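Generate coordinates for the sequence data below:
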Amino acid sequence: DGIATVSHLDLKTGNHHLIFEFSGVTEGVDETVTAEAFNTAYTWDGGGGDALWSTATNWSSDIVPTSADTVTFDNTCTGANCNPILDINTTISSLTISSSTIIQNDDLTLRVTGAFSQSAGYFKGGTGTTTFGGAITVSGGTFTPATSTVINSGAVTININTTQEFYHLHATSTGIKTISSGDTLVVKGDLYLVDGSFNTGTIDSRGNIYQSSTFDGGSAVIDFGDDAVPQTYAINGGTGPILRLDSVADASDTIVFNAAATLYGATTSSSFVGTIPISNPSNYDLTFGSSGWTQAAGTFQGGTGTTTINGNFTISGGTYNAATTTIFNSSLTINVNTTQTFYNLISDSSGTKTISSNDTIVVLGTLTMNDGSFTGTTGIIEAWGNIIQNSLVDNPGVSPPILDFSNDSVAQTYTINGGVGPIVRYNSA
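Sure thing, here's the model as predicted:
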């Protein structure tokens with residue numbers, strides 16, 4: 001049937017080239033089929049007459065590695081051909097560099113489906129593409145990226161020597177890409193957030209950013225890194241990482257929402273000046289995830305859509321002009337610069353919304369309490385419109401805030417459909 005199985009084979013240490021021959025009769029004709037198997041670990045020894053990757057005799061087993069093989073560049077090579085030139089499109093299982101200069105010729109692709117590790121030597125990408133399917137570790141040497149770098153892996157760690165430059169960088173597969181704490185990926189070209197997520201670390205983006213609907217966010221921080229030219233962050237849905245605006249020049253950049261989308265969080269530092277450059281002409285719903293919203297400067301214009309906050313809401317400076325509807329959708333702390341005004345405000349999930357000491361939330365439209373509770377002994381909610389309380393609103397415990405009917409010019413209605421609300425204060429005629 002053309003199938004044979006080797007159930008047990010012991011080999012001594014070293015390089016091996018196994019040849020299996022299968023003989024039989026096919027349709028009356030004698031036939032012999034040969035199958036070969038080799039070690040999967042390949043080391044560059046430079047034994048050929050050139051330095052080309054495609055020359056079989058440059059490898060320890062005299063065979064050019066293929067997709068199932070691990071490749072190592074160490075001190076094995078001592079001759080004249082110790083700096084290989086990648087002259088063919090290549091897929092390998094893993095790549096370890098501790099010596100040599102490896103040059104990826106222009107317009108060619110190198111795909112490493114497993115781990116990439118460089119502790120010394122020099123890797124020089126060309127104008128083609130390098131794709132990584134496993135962990136990326138650069139602890140020494142020099143790594144000069146190809147024109148395009150693709151991270152096409154599941155859950156992996158990117159551990160670099162503090163800072164690593166790329167040109168175009170693509171994240172194209174599901175799974176969390178964890179940038180080691182304190183490390184920064186500098187993307188000098190465009191950044192494509194297609195799938196998966198980035199956790200921890202920083203991405204210093206100096207070109208444009210494109211986010212697809214399948215991207216899943218993560219706790220990494222993205223900076224607009226090029227203060228000399230305007231940059232664009234085109235958000236086509238999905239969830240982005242934490243966006244940080246930390247320079248005057250960032251007000252000249254543009255964050256374009258082409259669909260309803262989420263950012264894991266957003267923050268403006270005290271160095272930011274101007275209007276937070278969000279362009280949302282269709283008034284798509286915006287969501288800020290577990291890292292919430294932190295504003296130390298600048299002006300936010302919420303528009304006529306809905307803004308949902310899933311993390312702490314902190315305003316220490318600047319101006320926050322709320323959207324038509326704001327939803328607090330998790331346990332969080334509301335810490336504002338004494339007073340913050342909203343239009344319609346909804347508490348829409350279980351968990352506690354804690355109003356910081358002596359802060360006041362002003363609700364000009366309708367206050368809807370669907371679930372969870374507000375707490376904060378010295379916090380105040382000034383309701384200027386109607387109030388709706390539904391049955392899932394929880395007992396806020398020993399520190400409920402005060403709820404005021406604040407609009408003395410019109411009659412307001414507090415509709416209670418069950419649940420436990422805050423303290424209602426009557427303090428005017």
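
show me the contacts for the residue nearest to residue 126 when sequence neighbours are not counted.
Leaving aside its sequence neighbours, residue 126 sits nearest to residue 106 (C-beta to C-beta, 6 or more residues apart in numbering; 4.0 Å). (Glycine included, C-beta is placed from N, CA and C.) Applying C-beta atoms under 8 Å, 6 or more residues apart in numbering to residue 106 gives the contacts 126, 127, 128.

tell me the secondary structure for residue 106?
Secondary structure assignment for residue 106 (DSSP: H, G, I helix; E, B strand; the rest coil): coil.

do you know how far it is from residue 146?
9 Å (C-beta to C-beta, to the nearest Å).

For those two, list the residues in contact with both.
Residues touching both residue 106 and residue 146 by C-beta under 8 Å, 6+ apart: 126, 127, 128.

Can you convert the contacts of residue 106 into CSV and add a column each for pLDDT, secondary structure and distance to residue 252?
Shown next, in CSV, are the contacts of residue 106 (pLDDT from 0 to 100; DSSP: H, G, I helix; E, B strand; the rest coil; distance: C-beta to C-beta, whole Å):
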residue, pLDDT, secondary structure, distance to residue 252
126, 93, coil, 33
127, 96, coil, 30
128, 96, coil, 33
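
can I get those in a markdown table with neighbour count?
Shown next, in a markdown table, are these (neighbours: other C-beta atoms under 10 Å):
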| residue | neighbour count |
| --- | --- |
| 126 | 20 |
| 127 | 13 |
| 128 | 17 |
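
which one among those residues gets closest to residue 28?
Closest approach to residue 28 among the contacts of residue 106 (C-beta to C-beta): residue 128, at 50.1 Å.

Look up how far residue 372 lies from the closest residue in space to the closest one that isn't next to it in sequence.
Sequence neighbours aside, residue 108 is the residue nearest to residue 128 in space, at 4.6 Å (criterion: C-beta to C-beta, 6+ apart). Plainly put, residue 108 is 56 Å away from residue 372 if you go by C-beta to C-beta.

Mind giving me the packing neighbours of the longest strand seen in the chain?
As assigned by DSSP state E, the longest strand anywhere in the chain is strand 168-179. Under the contact definition 3 or more C-beta pairs under 8 Å, 6 or more residues apart in numbering; DSSP states H and E, strand 168-179 sits against strand 148-151, strand 156-159, strand 184-187, strand 191-199.

Pull up the pairing partners for that strand, direction included.
Sheet pairing here is set by DSSP bridges, and for strand 168-179 it gives strand 148-151 (parallel), strand 156-159 (parallel), strand 191-199 (parallel).

Any chance of CSV for those, columns mean neighbour count, mean pLDDT and distance to residue 91?
Converted to CSV, these look like this (neighbours: other C-beta atoms under 10 Å; pLDDT from 0 to 100; distance: least, C-beta to C-beta, whole Å):
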stretch, mean neighbour count, mean pLDDT, distance to residue 91
strand 148-151, 22, 97, 13
strand 156-159, 20, 96, 17
strand 191-199, 23, 97, 20
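
Let's have those strands in JSON lines, adding distance to residue 215.
Shown next, in JSON lines, are these (distance: least, C-beta to C-beta, whole Å):
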{"stretch": "strand 148-151", "distance to residue 215": "12"}
{"stretch": "strand 156-159", "distance to residue 215": "16"}
{"stretch": "strand 191-199", "distance to residue 215": "4"}
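
right, and those strands - which one's nearest residue 423?
Taking C-beta to C-beta, strand 191-199 is the member of the strands paired with strand 168-179 nearest to residue 423, at 41.0 Å.

State the paired neighbours of the following helix or strand past the closest one in the sheet, together with their directions.
Next in sequence after strand 191-199, counting helices and strands by DSSP states H and E, comes strand 202-205. If you go by DSSP bridges, strand 202-205 pairs up with strand 184-187 (parallel), strand 221-224 (parallel).

what does the helix or strand just after strand 202-205 contact?
Proceeding N to C from strand 202-205, the next assigned helix or strand is strand 209-211, under DSSP H and E. Applying C-beta under 8 Å, 6+ apart, the external contacts of strand 209-211 come out as 190-193, 222, 231-238, 240, 261.

Report the secondary structure state of residue 288.
Under three-state DSSP, residue 288 falls in the strand class.

who's it bridged to?
residue 263, residue 309.

same check, this time on residue 116
For residue 116, the beta-bridge partners under DSSP bridges are residue 95, residue 136.

what's the burial count for the residue nearest to residue 54 when sequence neighbours are not counted?
What sits nearest to residue 54 in space, not counting adjacent residues and going by C-beta to C-beta, 6+ apart, is residue 88, at 4.7 Å. Residues contacting residue 88 under the criterion other C-beta atoms under 10 Å number 13.

Quick check: residue 88 touching residue 108?
Yes - with contact defined as C-beta atoms under 8 Å, residue 88 reaches residue 108; the gap is 6.9 Å.

residue ranges with poor pLDDT in the stretch 301-429 of the chain?
Low-confidence segments of the stretch 301-429 of the chain, defined by pLDDT under 70: 397.

For PyMOL, write the selection for the buried entries among the contacts of strand 209-211.
Listed next is the PyMOL selection for buried residues among the contacts of strand 209-211, using 16 or more other C-beta atoms under 10 Å:
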select buried, resi 190+191+192+193+222+231+232+233+235+236+237+238+240+261
